[in-house]
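J.: Following is a predicted model, sequence given first.
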Amino acid sequence: MNTGIPGENSDDLWARDIRERLANDDLEVDGQLVSASNATWRCTLGGSLKCVYKPQQGERPLWDFPDGTLSGREVAASLIDRILGFDLIPPTIWRDDGPAGPGMCQLWVSEDPAHRLVDVVSTDEVPPDWHQVLSAEDASGRPVALVHADDQRLQHMALLDAVINNGDRKGGHVITDDTGRVWAIDHGVSMASEPKLRTVLWGWAGEPIHAQDVHRLQQLLIILKDDDRDTKDGAPVAELAAFVSADELVALTARVRALIDTRRYPFPHEEWPAIPWPVF
């Protein structure tokens, strides 16, 4: 499928191969993740590849999102991530023939807990050069801090979240795998038209966006404004329109334009909680 995304490298080709397998290989259910808010199954494809499958019919209704749209928003967020060139979200596709009906399939990523980049620590144990986002007390009344690493991959994740209006960037949604690669997961409550940004990654709030990342935003804006490409099968805007509303696409474009104009990471919105709960 032609996504309109230029400059494929070897990593892009690997991800494209994974997406093709996610879309076409037989899904064998391993089991359900009982801790997830919505129905989430782990499956095996082709006897070896593990994936997460979130069926549309297993979504818990939310007051502020249309029913049956959460798994599609994960696909939309993945496409935005690919256009920006961050490649933080594991390969993700929409599949109509899942075991429980249509839904999202995403490459399963296993976490290496020894290399966690977001943490809650005692206030006297904050790692050097890490960002402290929140001060609080634990159940025993001891002072603790919510912190995250000063890491460019997390900085890119914070910018991605601002673009997609991610309402649920918990610490557990930032994963470092056993190769050291950082991944972003769980984007079902993103892409809304109203401001809903909630994240543990506020360490860069108000700081300048790097010039090369402003350029990424400018390229995304060109794609979003290119009306001719809206009508072509496989074009990015056409793919996005399959999962988010016209109003949400307008709001997405406005968020990207605002980030380009200010060239700074946003501050929390005054009328919306800044940090998700629980943070993990």
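T.: Structure received. Numbering: from 1, shown residues only.

J.: Quickly note the distance from residue 259 to residue 131.
T.: Using CB to CB, to the nearest Å, one gets 19 Å for the distance from residue 259 to residue 131. Where C-beta positions appear, they are placed from N, C-alpha and C, glycine not excepted.

J.: nope, residue 254 is what I was after
T.: 27 Å.

J.: neighbour-wise, which of those two wins?
T.: residue 131 (22 against 12; other CB atoms under 10 Å).

J.: so who does the nearest residue to that one once chain neighbours are set aside touch?
T.: Nearest non-adjacent residue to residue 131, counting by CB to CB, 6 or more residues apart in numbering: residue 203, 2.8 Å away. With CB atoms under 8 Å, 6 or more residues apart in numbering as the criterion, the residues that contact residue 203 are 131, 132, 133, 148, 150, 154, 158.

J.: Next: residue 260.
T.: Contacts for residue 260 were tallied using CB under 8 Å, 6+ apart; they are 214, 217, 218, 221.

J.: With only the CA atoms kept, save stretch 162-182 in CSV.
T.: What follows is stretch 162-182 as a C-alpha-only set of coordinates in CSV (Å, rounded to 0.1, in the frame of the first residue of the first chain):
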residue,chain,number,x,y,z
ALA,A,162,0.8,16.9,21.6
VAL,A,163,0.1,16.3,17.9
ILE,A,164,-2.4,13.4,18.4
ASN,A,165,-3.9,15.0,21.6
ASN,A,166,-3.1,11.9,23.7
GLY,A,167,-5.3,11.7,26.7
ASP,A,168,-3.5,8.8,28.4
ARG,A,169,0.3,8.8,28.3
LYS,A,170,0.9,6.7,31.5
GLY,A,171,4.3,5.6,32.5
GLY,A,172,3.4,2.1,31.6
HIS,A,173,2.7,3.2,28.1
VAL,A,174,6.4,3.9,27.6
ILE,A,175,8.3,0.7,27.0
THR,A,176,11.9,-0.1,26.6
ASP,A,177,12.5,-3.5,25.0
ASP,A,178,15.4,-5.9,25.5
THR,A,179,17.4,-4.2,22.6
GLY,A,180,17.1,-0.8,24.2
ARG,A,181,14.5,0.5,21.7
VAL,A,182,11.8,2.7,23.1
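
J.: Do you have the helices of this protein handy? List them.
T.: Along the chain, the stretches classed as helices by DSSP state H are 10-24, 70-84, 152-164, 211-225, 227-230, 236-241, 246-262.

J.: got a markdown table for those, with distance to residue 175 and mean pLDDT too?
T.: Formatted as a markdown table, these follow (distance: least, CB to CB, whole Å; pLDDT from 0 to 100):
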| stretch | distance to residue 175 | mean pLDDT |
| --- | --- | --- |
| helix 10-24 | 16 | 90 |
| helix 70-84 | 14 | 97 |
| helix 152-164 | 11 | 98 |
| helix 211-225 | 22 | 96 |
| helix 227-230 | 33 | 48 |
| helix 236-241 | 25 | 90 |
| helix 246-262 | 25 | 97 |
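
J.: nearest to residue 37, of the ones you listed?
T.: Across those, residue 37 has its closest neighbour in helix 70-84 (9.3 Å, CB to CB).

J.: Phi first, then psi, for the closest residue to residue 170 other than its chain neighbours.
T.: In space, residue 170 comes closest to residue 276 once its chain neighbours are excluded; the distance is 5.1 Å by CB to CB, 6+ apart. According to degrees, to the nearest 10, the main-chain angles of residue 276 amount to phi -70, psi 160.
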